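Novice: return a 3D structure for these sequence lines:
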Amino acid sequence: MTKDKKRKKVSTLDRVLLFCAISILVFTIIMIVLFCIFQSVPDTLIVSFFGVFTGEGCICWRIWAKKKGLSLNDNGIES
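Specialist: Numbers count the residues shown, from 1 in each chain. Purely as a prediction, here's the structure:
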């Protein structure tokens, strides 16, 4: 191995998305286990949890789009 190979840095946005993905995976597994034990799950908690990550996904997409120079026009189509 040569020392002149540079390691690619992981961006903050990638770290946030990785954290979101791991959180969603863990939460989903916990909800499945709770359902198997109690035959029900807290619906409000599930809706709120996924609502937060939907918002986070939208924010990350907007950051990514701004970096790439993309924007939405009035028709909702990227240009």
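Novice: so which helix or strand of the protein has the lowest pLDDT on average?
Specialist: The weakest-scoring helix or strand in the chain, judged by mean pLDDT, DSSP states H and E, is helix 43-68 (a mean of 85).
Novice: burial measure for Val41, as a count.
Specialist: The local packing of Val41 (other C-beta atoms under 10 Å) involves 14 other residues. Backbone N, C-alpha and C define where each C-beta goes, glycine included.
Novice: in three-state terms, label it for me.
Specialist: coil (DSSP: H, G, I helix; E, B strand; the rest coil).
Novice: is it true that it touches Met31?
Specialist: Yes: the criterion here is C-beta atoms under 8 Å, and Val41 meets it with Met31 at 5.2 Å.
Novice: the host helix or strand of Val16 relative to helix 43-68, how many degrees between them?
Specialist: Taking DSSP states H and E as the definition, one finds Val16 inside helix 12-38. Relative orientation of helix 12-38 with respect to helix 43-68: 160 degrees, computed using axes from the mean of the first three to the mean of the last three C-alpha atoms, to 10 degrees.
Novice: same question for helix 12-38, mean pLDDT?
Specialist: Computed over helix 12-38, the mean pLDDT rounds to 89.
Novice: what packs against it?
Specialist: If contacts are counted by 3 or more C-beta pairs under 8 Å, 6 or more residues apart in numbering; DSSP states H and E, helix 12-38 sits against helix 43-68.
Novice: buried residues, the helix it packs on. List them.
Specialist: Phe49 (16 or more other C-beta atoms under 10 Å).
Novice: tell me the helices and strands packed up against that helix.
Specialist: When contacts are defined as 3+ C-beta pairs under 8 Å, 6+ apart, helix 43-68 sits against helix 12-38.
Novice: how far away from the center of its chain is the helix it packs on?
Specialist: From the chain centre to the centre of helix 12-38 is a distance of 10 Å (C-alpha atoms, centre = their mean, to the nearest Å).
Novice: what residues of that helix count as buried?
Specialist: For helix 12-38, using 16+ other C-beta under 10 Å, no residue counts as buried.
Novice: got phi/psi on Ser11?
Specialist: Per-residue torsions, Ser11: phi -80, psi 160 (degrees, to the nearest 10).
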